[in-house]
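Asks: Here is a sequence together with a model predicted from it:
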Amino acid sequence: MADTNITRLAGQRETGDRARLRFERSLQVCPPWVQRMGLEAELTGHSGCVNCLEWNEQGTLLASGSDDLNAIIWQPLVHKQLCLLRTGHQGNIFSVKFLPSSGDRIVATAAADCKVHVHDINTKEVTQIFTCHTGRVKRLATAPNVPYMFWSASEDGTIRQFDLRMSSRDAMILVDLTQYCGTSVEVKCISINPRRPEMMATGANDPYIRMYDTRAVTAHRTKHAERRRGGFHGSSEAELNLPAGCAQYYVAGHLPMKQSDYQRRFRTLVSTYVTFSPDGNELLVNLGGEQVYLFDVVRPRKPHRFQLGDYMPATLQPHDNGVVSKAHHSVAHAAASTSNGVTNGIAAKLHHTNGFSLLEGKQQPRTTLKPVGNLPPRAEALKLRANEVFCRQQFSLAIALYNQAIQLSPNSGILYGNRAAAYMKRGWDGDIYSALRDCHTALSIDPNHIKAHFRLARCLHELQWTKESLDCLNQFRGRFPEHAHSQACDMLDKDIKASLFSKSDHDEDKSTKSDTSPNRRRQGDAVSEAEKTLREKALDYETRFCGHCNTTTDIKEANFFGNNGQYIVAGSDDGSFFMWEKKTTNIVRVLRGDDSIVNCLQPHPSHCLLATSGIDPVVRLWSPRPEDGSNEERLVEEMESAALANQKRMNADPLEVMLLNMGYRITGISEGSDDEAGDGPAQCRPS
């Protein structure tokens, strides 16, 4: 905002609509307004949970769909209902969309009755009914300036493409995930890139986000029942519909290994919402059972563990213990890592048979981080304060302060190393992997960062990447012989070798059971070889946002807020919704949006206005409130405590979660107190 000439923009606003729109969007969301966000109005008219919201392109109308089987078109700027659509659905409405270039006259709805209905707002009639899906239809998607067409995601495992100009009531099947993942796969969400409408992202009942180049996908009319009747077809048939290279998967780097552990705890990972940023360069995912993740589709990251020789000087010779057999990764190569430590290798371009490439022309090299000397005064002050609160075991606050310092000095290895220590001590879901990434970054800046190297070995061990952790520890001992026989090294070495022994026994038991259990063989065969390959090549996330809880509903959204996506908003199972600053990932505002659960958050296209809904039968509008000294009654002041309580809630026993949703309070979960605060002094002190 500091770079915006407000006087010039105000003058241009008087000369035409285009300047006016630019003025509105450039100043749409700013920090002072975010800090004043509060409840503006409640729109009443539904008699059931409001499961979906959608603004029209100009922001003059708001559509909502509910469990009461009705859709309502609102005039939100004057807080009035325009019309009520009796949709004809026989199940809860999960999605509503204005169709582009229809003059805001045509609306599509999708529901639990497996049907998609098209409505004319002027006549309040259902003009078309599509009955092609055999599972609940969870999401609809449209593309700007693409009239007559929209797409659907259904729990029958298919993504369909609808064209209102076609007379057939059946929609074309664009993607059939059952051919890749077996019959249990469910597609939960879908989004179309606003700048590149050929790019389509989807989420399912697993942690993987799938992005397709629809130019290379051949739509077909094969009946779903016919495919199911023949059972699983395998990858060869799927490749006829999805040529090699037209799909790219994304997943947080630690989740493929952690997924089985979550399943043992009856905790499922489901992508409940996916959306592109306003410029189409980023992909935001609300992952049920975990955190909110942001993926960069222009400069994608490869997941990184540890390879023998990482961060070793090229001149260093192998040691007598034979640990370092070849220093094939020089310091120069290590310094080319990405800003969070993931190596700078961009995924090779994937070419289709027709010459298309999913990421063609969009990949950009990352800036190489160079070591910094003294920190700027502001960054140094933030670091010292973060170190202080770290020693008081206020790890979330320490992380927030390190986040701010890193924004001021992104090439300081000490800041990344210290933040890694705070992540390791806090121990929320995904924190250990974030610490590992920070260790990689610290070492890419300063290969002689002793603490970062040792913490990297410990992170690898905690993530159950046992072989890599042993390699890393042995390289640490060879690189820094003065620390080779310290108590910390000996203890970690003992833990790693115990894990190796335990893992070998577990693998033997697993192989024995898999050989004798036909059910296990069938379950393993459900994922095709093509799917396994795509998962192995999945790219890592850019940043993540922690604090909310998403375990109870599978329609919970996360969205960009602001013309440039400066903020991230997401609902939570505790009835609140969280607002994060995107560049620091810090929580900046928490508001009580529902008596039970906030599911939907849809920002206005040009104003600092947010519409939310959830279990309550109302739609709430939020905007900056007047500076009259009054308090916002729905403000959650203890943001850190709310985030901690949500983290405990996500890891609670399923029965406890059910009781929480019924209104009971459970000691240690409902409260935000840190039960680990008395465990003694913090280890791995920051630098």
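Replies: All right, it came through fine. Since the model is a prediction, treat every value here as computed from it, not as a measurement.
Asks: would you list every one of the helices in the stretch 101-250 of the chain?
Replies: 178-181, 224-229, 235-241 (DSSP state H, counting those that start in this stretch).
Asks: Ala457 in helix, strand or coil?
Replies: Following DSSP: H, G, I helix; E, B strand; the rest coil, we place Ala457 in the helix state.
Asks: who's in contact with it?
Replies: Each residue near Ala457 by CB atoms under 8 Å, 6 or more residues apart in numbering is listed here: Ser469, Cys472, Leu473, Phe476, Leu492. (Glycine included, C-beta is placed from N, CA and C.)
Asks: what would those residues look like in TSV with neighbour count, secondary structure and pLDDT?
Replies: TSV is the format used below for these (neighbours: other CB atoms under 10 Å; DSSP: H, G, I helix; E, B strand; the rest coil; pLDDT from 0 to 100):
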residue	neighbour count	secondary structure	pLDDT
Ser469	26	helix	95
Cys472	29	helix	95
Leu473	25	helix	95
Phe476	21	helix	95
Leu492	20	helix	96
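Asks: Distance to Asp120 for these - can I get that in TSV?
Replies: Below are the contacts of Ala457 laid out as TSV (distance: CB to CB, whole Å):
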residue	distance to Asp120
Ser469	62
Cys472	63
Leu473	67
Phe476	68
Leu492	67
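Asks: surely Arg634 meets Glu40?
Replies: No: judged on CB atoms under 8 Å, Arg634 makes no contact with Glu40 at a distance of 11.2 Å.
Asks: Go through the host helix or strand of Met257 and flag the buried ones.
Replies: Assigned by DSSP states H and E, Met257 belongs to helix 255-264. For helix 255-264, the neighbour count (16 or more other CB atoms under 10 Å) marks Leu255, Pro256, Lys258, Gln259, Tyr262 as buried.
Asks: Quick check: mean pLDDT of that helix?
Replies: For helix 255-264, mean pLDDT is 77.
Asks: going on from it, what's the next piece of helix or strand?
Replies: strand 270-276.
Asks: for that following strand, the distance to its chain's centre please.
Replies: Per CA atoms, centre = their mean, to the nearest Å, the displacement of strand 270-276 from the mean C-alpha position of its chain is 7 Å.
Asks: Parallel or antiparallel, which strands does it pair with?
Replies: Sheet pairing of strand 270-276 (DSSP bridges) gives strand 282-288 (antiparallel).
Asks: following the strand it pairs with, which helix or strand comes up?
Replies: Sequence order places strand 292-296 as the next helix or strand after strand 282-288, per DSSP H and E.
Asks: In the sheet, which strands lie alongside that next one, parallel or antiparallel?
Replies: strand 282-288 (antiparallel), strand 543-545 (antiparallel).
Asks: mind giving me JSON lines with those strands and columns for distance to Gly430?
Replies: Formatted as JSON lines, those follow (distance: least, CB to CB, whole Å):
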{"stretch": "strand 282-288", "distance to Gly430": "10"}
{"stretch": "strand 543-545", "distance to Gly430": "6"}
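Asks: Any chance of a markdown table for these, columns mean pLDDT?
Replies: Below are the strands paired with strand 292-296 laid out as a markdown table (pLDDT from 0 to 100):
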| stretch | mean pLDDT |
| --- | --- |
| strand 282-288 | 97 |
| strand 543-545 | 97 |
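Asks: Point out the most buried one among those strands.
Replies: strand 282-288 (a mean of 26; mean count of other CB atoms under 10 Å).
Asks: List the contacts of it.
Replies: 191, 201, 203, 207, 209, 211, 250, 252, 268-277, 292-298, 542, 550-551, 554, 556-560, 565, 568, 570.
Asks: Quick one, which of the strands paired with strand 292-296 gets closest to Leu415.
Replies: Leu415 lies closest to strand 543-545 among the strands paired with strand 292-296, at 15.6 Å (CB to CB).
Asks: Could you point out the helix or strand that follows the closest one?
Replies: strand 558-561.
Asks: That next one: partners in the sheet, and parallel or antiparallel?
Replies: When pairing is defined by DSSP bridges, strand 558-561 lines up against strand 567-571 (antiparallel).
Asks: Put the alpha carbons of the strand it pairs with into PDB.
Replies: Provided in PDB are the C-alpha atoms of strand 567-571 (Å, rounded to 0.1, in the frame of the first residue of the first chain):
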ATOM      1  CA  TYR A 567      -4.300 -12.700   3.300                       C
ATOM      2  CA  ILE A 568      -5.600 -16.300   3.800                       C
ATOM      3  CA  VAL A 569      -8.900 -17.000   5.500                       C
ATOM      4  CA  ALA A 570     -10.300 -20.400   6.600                       C
ATOM      5  CA  GLY A 571     -13.100 -21.700   8.800                       C
END
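Asks: so what does whatever helix or strand comes next after that strand touch, helix or strand wise?
Replies: Once the chain leaves strand 567-571, the next helix or strand it forms, by DSSP H and E, is strand 576-581. If you count contacts as 3 or more CB pairs under 8 Å, 6 or more residues apart in numbering; DSSP states H and E, strand 576-581 packs onto strand 567-571, strand 587-592, strand 598-603.
Asks: okay if I get these as TSV plus mean pLDDT, distance to Phe395 and mean neighbour count?
Replies: Formatted as TSV, those follow (pLDDT from 0 to 100; distance: least, CB to CB, whole Å; neighbours: other CB atoms under 10 Å):
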stretch	mean pLDDT	distance to Phe395	mean neighbour count
strand 567-571	98	21	27
strand 587-592	97	14	21
strand 598-603	98	26	26
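Asks: Select, out of those, the one closest to Glu529.
Replies: It is, among the helices and strands packed on strand 576-581 and with distance given as CB to CB, strand 567-571, at 35.3 Å.
Asks: of the contacts of Ala457, closest to Pro447?
Replies: For the contacts of Ala457, the minimum distance to Pro447 (CB to CB) is 11.7 Å, reached by Phe476.
Asks: Could you pull up the residues touching that closest one?
Replies: Phe476 neighbours (CB under 8 Å, 6+ apart): His453, Phe454, Ala457, His483, Ala484, Cys489.
Asks: Can you flag the buried ones in these?
Replies: Among the contacts of Phe476, those classed as buried by 16+ other CB under 10 Å are His453, Phe454, Ala457, Ala484, Cys489.
Asks: Lowest-confidence one in those?
Replies: When those are compared, Ala484 shows the smallest pLDDT, 91.
Asks: Thought Arg477 was touching that residue, still the case?
Replies: Yes: with contact defined as CB under 8 Å, Ala484 counts as touching Arg477 (3.9 Å).
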